[in-house]
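*Asks:* What follows is a predicted protein model with its sequence.
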Amino acid sequence: MGTMAQPLRVGLIGAMGRWGPSAHIPAIQNLPETELYAVCTAHADTAQSAAQKYNVELAYSDDKVMNENQDIEAIAVSVRVPVHYALTKNALEAGKHVYCEWPLGADLKEAEDLAELARKVGAHTMVGLQRRASPVYLRMQELVNEGYVGQILGVNLVQMGSGVLTRTADRTWQRDVTLGANTLTIAFGHAIDAMAMVAGNITEVSGQVSTQVSQWYESDTQKYVDVTSPDNIMISGKLENGAVVSAYVGVHPYHGSGNRMEIYGKEGTLALVTGSNGALQIMGGQQDDQYLAEIPIPERLTWVPPTVQNSGPGFEVGQMWANFANSIRTNSFGGPDFDHAVQCHKLLEAVQRASDTGQRQKIQ
């Protein structure tokens with residue numbers, strides 16, 4: 001991906017949180033396509049601290065004031081889900097392009113409103129479903145499209161995380177299902193979107209959404225808090241191509257086994273597995289193969305410099321930012337936008353409705 005003469009000037013909301021500093025800042029500051037032009041936090045002192053820490057000239061404690069700066073072209077929203085809507089709406093109304101973390105809103109209605117507003121003002125948007133820019137998922141998508149497995153018959157997805165029993169008090173806000181940040185929206189949402197990217201969209205679904213751990217222990221306050229957010233999601237359904245699909249995403253107390261996605265077709269099998277080093281790798285085999293063998297990931301699917309490749313979560317986020325900046329400069333489509341986010345929110349609502357009613361749901 002070619003370097004543009006003028007880097008995209010980005011204002012980041014959430015420079016003192018978790019994901020902003022660990023993923024967005026290493027990406028934005030090390031890409032030739034982007035410049036971290038300003039940071040914004042909830043308080044003037046933390047904004048100034050962030051600006052000094054990351055060597056950024058402009059610091060704001062009011063997003064509306066930052067949006068008034070005409071030199072800032074795009075806003076990154078990387079904060080808690082409950083405030084995604086207001087901050088993103090403010091940026092769009094100020095004429096900014098917006099990269100908002102996933103989920104776009106706390107519910108489908110918020111996502112639909114933001115997508116409609118973005119279309120109205122003509123803004124470029126991106127939602128943080130970064131597996132769509134991951135080289136390993138992109139290669140798996142290519143293999144399916146090239147006919148490696150032939151007609152897809154079935155897909156099986158399992159993603160097991162750990163650490164559900166204990167959290168610090170600053171993270172237990174996620175216990176409230178109405179706030180929109182939980183295993184269904186985040187872990188399952190990311191996983192099922194990546195599956196759809198590779199194998200096809202889900203058109204009908206039945207499922208179980210469950211809260212197996214009803215209390216979390218706050219390690220710093222030494223208190224137990226009640227939990228309504230789900231931690232286990234199991235679905236079965238059909239894809240648009242007629243294949244059947246099963247998926248189980250859960251967060252458990254200890255030793256989550258990681259990710260595995262299997263695609264079975266008339267011509268072969270592909271499996272995305274967690275390797276011994278913790279990295280994802282593609283295994284594949286066709287009719288005459290005796291066993292599944294690793295399939296390499298071509299370098300052409302990585303378009304960010306080594307400093308971004310080696311930045312942990314900044315790698316895939318950096319791939320997204322490079323796409324987003326290029327789409328703005330060329331006025332083209334750059335990846336999962338707010339309209340795509342709406343479709344993902346519709347799927348999540350269908351899964352929850354299937355669990356609540358016990359009835360299979362069609363997805364439009």
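*Replies:* On my side now, so go ahead.
*Asks:* you'd agree Y248 is in a strand?
*Replies:* Yes: Y248 sits within a strand when classified using DSSP: H, G, I helix; E, B strand; the rest coil.
*Asks:* domains for this protein, by residue range?
*Replies:* Following automatic domain parsing, one gets these domains for the chain: 8-130+313-335, 132-286+345-362.
*Asks:* winner for burial among the ones you listed?
*Replies:* domain 8-130+313-335 (a mean of 21; mean count of other Cβ atoms under 10 Å). All C-beta spots, glycine's among them, are computed from the backbone N, C-alpha and C.
*Asks:* quick one: average confidence on that one?
*Replies:* The average pLDDT for domain 8-130+313-335 rounds to 97.
*Asks:* Quote the end-to-end distance of it.
*Replies:* 16 Å (Cα to Cα, to the nearest Å).
*Asks:* how distant is it from the center of its chain?
*Replies:* Here domain 8-130+313-335 shows a centroid-to-chain-centroid distance of 14 Å under the convention Cα atoms, centre = their mean, to the nearest Å.
*Asks:* Stretch 161-178 now?
*Replies:* The answer for stretch 161-178 is 18 Å, by Cα atoms, centre = their mean.
*Asks:* Touching it from outside, list them.
*Replies:* Here stretch 161-178 makes contact (Cβ atoms under 8 Å, 6 or more residues apart in numbering) with 80, 106, 179, 181-183, 187, 213, 216-221, 225-231, 250-256.
*Asks:* if we can go back for a sec, make JSON lines from the domains of the chain and add distance to R300 to it.
*Replies:* As requested, the domains of the chain are exported to JSON lines (distance: least, Cβ to Cβ, whole Å):
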{"stretch": "domain 8-130+313-335", "distance to R300": "12"}
{"stretch": "domain 132-286+345-362", "distance to R300": "9"}
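*Asks:* and of those domains, who's closest to P305?
*Replies:* Minimum separation from P305 across those (Cβ to Cβ) falls at domain 8-130+313-335, 6.4 Å.
*Asks:* ok, the residue lying farthest from the centre of the chain - contacts?
*Replies:* Most distant residue from the mean C-alpha position of the chain: D288, 36.9 Å away (Cα atoms, centre = their mean). By Cβ under 8 Å, 6+ apart, no residues touch D288.
*Asks:* Secondary structure element holding it?
*Replies:* Assigned by DSSP states H and E, D288 falls within no helix or strand.
*Asks:* Alpha carbons of the lengthiest strand in the chain, as CSV, please.
*Replies:* Secondary structure of the chain per DSSP state E: the longest strand is strand 152-162. C-alpha atoms of strand 152-162 as CSV (Å, rounded to 0.1, in the frame of the first residue of the first chain):
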residue,chain,number,x,y,z
ILE,A,152,-18.8,-25.5,1.9
LEU,A,153,-20.8,-28.1,3.8
GLY,A,154,-20.3,-27.2,7.4
VAL,A,155,-18.5,-24.7,9.7
ASN,A,156,-17.5,-25.2,13.3
LEU,A,157,-16.2,-22.3,15.5
VAL,A,158,-15.0,-22.5,19.0
GLN,A,159,-13.4,-19.7,21.0
MET,A,160,-12.7,-20.3,24.7
GLY,A,161,-11.3,-17.5,26.9
SER,A,162,-10.6,-17.3,30.6
